[in-house]
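Visitor: below: sequence and its predicted model.
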Amino acid sequence: MTRAASRYRVSILFLIVICSTPDLRAQTGNIFGVVADSLTRQRIPFANVTIVNTTRGAAGNNIGLYYIPKLPPGTYKVEARVIGYAGAIKEVSLKEGESLEVDFELAPSSVEIHEVLVNAPRRRLELEMSTSVHLMQQQELKAVPVAAQQDLLQSLKVLPGIVSTSDVSSRFYVRGGAADQNLFFYDGIRVYYPFHALGIFSCFNPEVVQNVEVFTGAFPPGFGERLSSVVNILTRDGRADRMAARASVNFLSTEAELEGPVFGNASWLLGARRSMSSRTYSKIVGSDVPVSFYDATVKLTTKPGGVRKFDFTYLSSGDVLRLPGADEPNYSWRNNGFSITGSAVPTEQLYLQWLVYGSTYSAQREGKSSKTIPPLSTSVKHYGVRTSATLYTSQNDMYYFGFEFGIPTMDYSFVNLLNLPQHITSTIVEPIAWVRYLAKLGNFEVDGGLHIEIGSLLEGGSPGRGVQPRGNVSYLLPGTWRAKAAFGRFTQHMVTVVSEDDIISLIDPWIRIPDNLPPEQADHYVVGLTGNLSEQSFLTLEGYFKHYGSLVAYNRDKVDATDPDYIQGTGTSYGAEVMLRSKIQWVDLLGAYSLSWAKLDNQGFVYSPRYDRRHHLNLMLIGRPVKGLSMTLHWEYGSGLPFSETIGYFDRLTLDGALPGRFELETGSPYLMLGPKNAGRLPAYHRLDSSVKYDVSLLGFDISCGVDLLNVYDNKNIFYFDRITGERVNMLPFYPSATLTVRY
């Protein structure tokens, strides 16, 4: 046994022993419960619950549960507060050794969206001392102007560290990482291709989403199998008090939601969208795109009593692109997934949550009569179970631990350059475990743990990759300012077979990393400073460095069949980010700036990836001058993206018809020559968007009318140059859209 392996085993044993050590302190009591909406009975996440006139309190989790452990016996006033709700206070008597359940139902209060936008990050600072984490709730997702219909992934682009190579695609890149390094959860369902219609929109409907947690780096134990980011989407529960409906129509699609009670404390929710006309797509992308899509979410929720809660979620989405030409291929792709979750407090101080999930992604390309574009198909099936627990031991520390067993199976069929059919099938067995410890030591807060890939270790993998340390340390400075530092190691065992040079990727075939290569690996290092500049201004500063110790890259030097298709590469990315949220009377300001560098090294071949954007700035103003009226301005600037310059042309001999024939008389076909890879830079990108929305109640209905204006001053942002024709293709021009929504 090596010395490094011994150290990892000792670390694991030490953490397990700590988690299993009983509390030997004097008998005290615990107060716990859930916070819910008094009108709809929906759980309210991330509530602040405090013991009045003391320093004791707790923050609710994402399903509304809070836990205040180790209180001396006595009489207390417990207060619950959430932005957008009237606070409530309950007086309770706690006995020695008692775990007392105190639930709250808060009445909604009139609150403007800017109050949510400004105060949410301050609340998040109190809840999470981690770096590189953003929490966006439904109001924030819907505040960003978009083309035709609201989109969750497009809204996330206002966050620092997130870059897109096109405004007609919701695909993004995080802190120098590739697109396949982002992990998407939808109520625990893993979504492998979350895009509609050439990637312009995502399959996530913001109207059924409660909140989105976005980790852009150094994410904690329990999240793995991706190198760059985690997007954790949680849907809302259906109303448990009455039936409700919502219908919306825009230039692109129709949308409807239905919800209501079933029996007792059970409720249901159905949300669906379907495209109406492909003309909208044609105007957005500037060419005829005969595509259609749909997506639907079904959720059943039951709360049998106390903190117990059970959910069933089903997601389905599909797209079809049928091009008219006989030699133009057809495309189709589909996502289906389900999750069953349950949560309870089985014993004192222990909160338990379990999950059973399954997801499938499939895509096909039908070649039709094309001689140059062959047929292709791919699929991913991923099923698994997950159990996580939180152990509340005292007011100053707690433990998280859990286990997950998942089995993704990937299938990829294609025709190679020799016109030979190829079929690749692979399966990964993914048992993982994690343990995490949080402690407050004066002004310090320590959050550390291990993410353990059991399957990798059992297969003989390196302990340095299979056992991944992750940690975060923060220190409370004067006022609300907090200095933070974090690190983490992350690995990835599957990648997509796509070229980063593709303008638009319609199909993402997933494959297991070849056996002759190690898994992809990245180490994250983050430092940060957060705090309030004033009562109404919140600032976040972060710097990061990512070292990619192993990446999968195409073998550019492949000559014959014995040469490997892929080789091991490395890379680095680093940068600084600033995010400011401020409120001036009835106007909100959100500003995010990123300065970043990224480099890839494929065994001596060094270049900047296509998504390496040096400067990126988002400014958003949200105003609500009168009740029911909201106005938004969003300006985005991005410095030029890398591209490979054309440096010349030459006539390349094809030797077609050389035998029999006189090939010496052939003039050849024009063939372009490219300079160093991605050594050039496109012009800078900038765009101004605006939106106006007015809400009114009429005859028992809530009616909302909205107008979005994209690229107000019609800036000609370049998308790409057609190297054959020399034609310049621009991104989205000035584009107006309107939405009408009716709620009951």
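Guide: Thanks, I have the structure now. Residues are numbered from 1 along each chain as shown.

Visitor: relative to R624, how far out is G264?
Guide: Applying C-beta to C-beta, to the nearest Å, one obtains 38 Å for the distance of G264 from R624. To be clear about C-beta, it is placed using only N, CA and C from the backbone, and glycine gets the same treatment.

Visitor: contact partners of stretch 45-57?
Guide: Under the contact criterion C-beta atoms under 8 Å, 6 or more residues apart in numbering, stretch 45-57 has outside partners 31, 33, 35, 58-64, 66, 68, 71, 76-82, 89, 104, 106, 123-124, 126-127, 135, 210-211, 234, 395.

Visitor: give me the buried subset of these.
Guide: By neighbour count, with 16 or more other C-beta atoms under 10 Å, the contacts of stretch 45-57 hold 31, 33, 35, 58-61, 63-64, 66, 68, 71, 76, 78-82, 104, 106, 123-124, 127, 135, 210-211, 234 as buried.

Visitor: now for I83, which secondary structure element holds it?
Guide: Using DSSP states H and E, I83 sits in no helix or strand.

Visitor: what about it, how many residues nearby?
Guide: Using other C-beta atoms under 10 Å, I83 is surrounded by 20 other residues.

Visitor: per-residue confidence for H382?
Guide: At H382, the pLDDT value in this model is 97.

Visitor: before we move on, back to that, between G264 and R624, who's got more neighbours?
Guide: Neighbours per residue, other C-beta under 10 Å: of G264 and R624, the larger number sits with R624, 18 against 11.

Visitor: confidence score at that one?
Guide: According to the model's per-residue confidence, R624 sits at a pLDDT of 89.

Visitor: surely it and S630 touch.
Guide: Yes: between R624 and S630 a contact is recorded at 5.0 Å, counting by C-beta atoms under 8 Å.

Visitor: who's in contact with stretch 621-638?
Guide: The contact list for stretch 621-638 (C-beta under 8 Å, 6+ apart) reads 112-114, 117, 143-145, 157-158, 163, 586-590, 613, 615-620, 684-696.

Visitor: can you pull the buried residues of that stretch?
Guide: Buried positions in stretch 621-638, judged by neighbour count with 16+ other C-beta under 10 Å: 621-624, 630, 632-636, 638.

Visitor: got the domain ranges for the protein?
Guide: As recorded under automatic domain parsing, the domains making up the chain are 27-106, 113-233, 234-644+679-743.

Visitor: out of those domains, indicate the one that is most buried.
Guide: The highest mean neighbour count among the domains of the chain belongs to domain 113-233 (a mean of 23), with neighbours defined as mean count of other C-beta atoms under 10 Å.

Visitor: just the element for W268, please.
Guide: With DSSP H and E as the criterion, the answer for W268 is strand 267-275.

Visitor: any idea of the mean pLDDT for that strand?
Guide: Rounded to a whole number, the mean pLDDT of strand 267-275 is 95.

Visitor: before we move on, what about stretch 76-86?
Guide: Computed over stretch 76-86, the average pLDDT equals 89.

Visitor: distance check, the residue lying closest to N62 once chain neighbours are set aside against R512.
Guide: Of all residues not flanking N62 in the chain, P45 sits nearest, at 4.7 Å (C-beta to C-beta, 6 or more residues apart in numbering). From P45 across to R512, the span is 36 Å (C-beta to C-beta).

Visitor: equivalent analysis for S644, please.
Guide: Taking C-beta to C-beta as the measure, S644 and R512 are separated by 30 Å.

Visitor: please apply the same query to Y735.
Guide: From Y735 over to R512 (counting by C-beta to C-beta), the distance is 41 Å.

Visitor: one step back: and the contacts of the strand holding W268?
Guide: Around strand 267-275, the neighbours that count as contacts under C-beta under 8 Å, 6+ apart are 41, 149, 197, 205, 207-208, 235-240, 252-262, 291-302.

Visitor: just the C-alphas of that strand, formatted as PDB.
Guide: Output in PDB follows, covering the C-alpha atoms of strand 267-275 (Å, rounded to 0.1, in the frame of the first residue of the first chain):
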ATOM      1  CA  SER A 267     -51.400  18.400  -4.800                       C
ATOM      2  CA  TRP A 268     -50.600  18.100  -8.500                       C
ATOM      3  CA  LEU A 269     -49.000  20.300 -11.100                       C
ATOM      4  CA  LEU A 270     -49.000  20.100 -14.900                       C
ATOM      5  CA  GLY A 271     -47.000  22.500 -17.100                       C
ATOM      6  CA  ALA A 272     -46.700  22.200 -20.900                       C
ATOM      7  CA  ARG A 273     -45.400  24.200 -23.900                       C
ATOM      8  CA  ARG A 274     -45.600  23.600 -27.600                       C
ATOM      9  CA  SER A 275     -44.300  25.500 -30.600                       C
END
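
Visitor: run the chain-centre distance for it.
Guide: For strand 267-275, the distance from its own C-alpha centre to the chain's C-alpha centre is 21 Å (C-alpha atoms, centre = their mean, to the nearest Å).

Visitor: just stretch 623-634 next, same as before
Guide: The chain centroid and the centroid of stretch 623-634 are separated by 27 Å, computed with C-alpha atoms, centre = their mean.

Visitor: can you check stretch 364-381 too?
Guide: Relative to the centre of its chain, stretch 364-381 is centred 29 Å away, using C-alpha atoms, centre = their mean.

Visitor: span of that stretch from start to end?
Guide: For stretch 364-381, the first-to-last residue distance is 15 Å (C-alpha to C-alpha, to the nearest Å).

Visitor: again with stretch 238-247
Guide: Counting by C-alpha to C-alpha: the opening and closing residues of stretch 238-247 are 16 Å apart.

Visitor: one more: stretch 47-58?
Guide: Counting by C-alpha to C-alpha: the opening and closing residues of stretch 47-58 are 8 Å apart.

Visitor: could you give the mean pLDDT of it?
Guide: Over the span of stretch 47-58, the pLDDT mean works out to 89.

Visitor: so how far is it off the chain centroid?
Guide: For stretch 47-58, the separation from the chain centroid amounts to 31 Å (computed by C-alpha atoms, centre = their mean).

Visitor: outside of stretch 257-264, which residues touch it?
Guide: Here stretch 257-264 makes contact (C-beta under 8 Å, 6+ apart) with 207-208, 238-246, 267-272, 300, 302, 304.

Visitor: of all the domains of the chain, which one is nearest S669?
Guide: Ranking the domains of the chain by proximity to S669 (C-beta to C-beta) places domain 234-644+679-743 first, at 11.3 Å.

Visitor: could you tell me the end-to-end distance of the closest one?
Guide: Using C-alpha to C-alpha, the end-to-end distance of domain 234-644+679-743 comes to 22 Å.

Visitor: related to what we said a few turns ago, so which of the buried ones among the contacts of stretch 45-57 are in strands?
Guide: Assigned to strands by DSSP state E, the following of the buried ones among the contacts of stretch 45-57 qualify: 31, 33, 35, 58-59, 66, 68, 71, 76, 78-81, 104, 106, 135, 210-211, 234.

Visitor: please look at I567 and Q603 and confirm they touch.
Guide: Yes: counting by C-beta under 8 Å, I567 does reach Q603; the two are 5.8 Å apart.

Visitor: tell me the centre residue of this structure?
Guide: Among the residues of the chain, the smallest C-alpha distance to the mean C-alpha position (C-alpha atoms, centre = their mean) belongs to V231, namely 2.1 Å.

Visitor: thinking again about what came up before, okay, and the common contacts of I567 and Q603?
Guide: Counting by C-beta under 8 Å, 6+ apart, the contacts common to I567 and Q603 are A553.

Visitor: before we move on, the earlier item: any idea which of the domains of the chain scores lowest on pLDDT?
Guide: Least confident of the domains of the chain, judged by mean pLDDT, is domain 113-233 with a mean of 83.

Visitor: now do that domain: distance to the chain's middle.
Guide: For domain 113-233, the distance between its averaged C-alpha position and the chain's averaged C-alpha position is 4 Å (C-alpha atoms, centre = their mean).

Visitor: what's the answer for stretch 301-313, then?
Guide: For stretch 301-313, the distance from its own C-alpha centre to the chain's C-alpha centre is 25 Å (C-alpha atoms, centre = their mean).

Visitor: I am finished for the moment; much appreciated.
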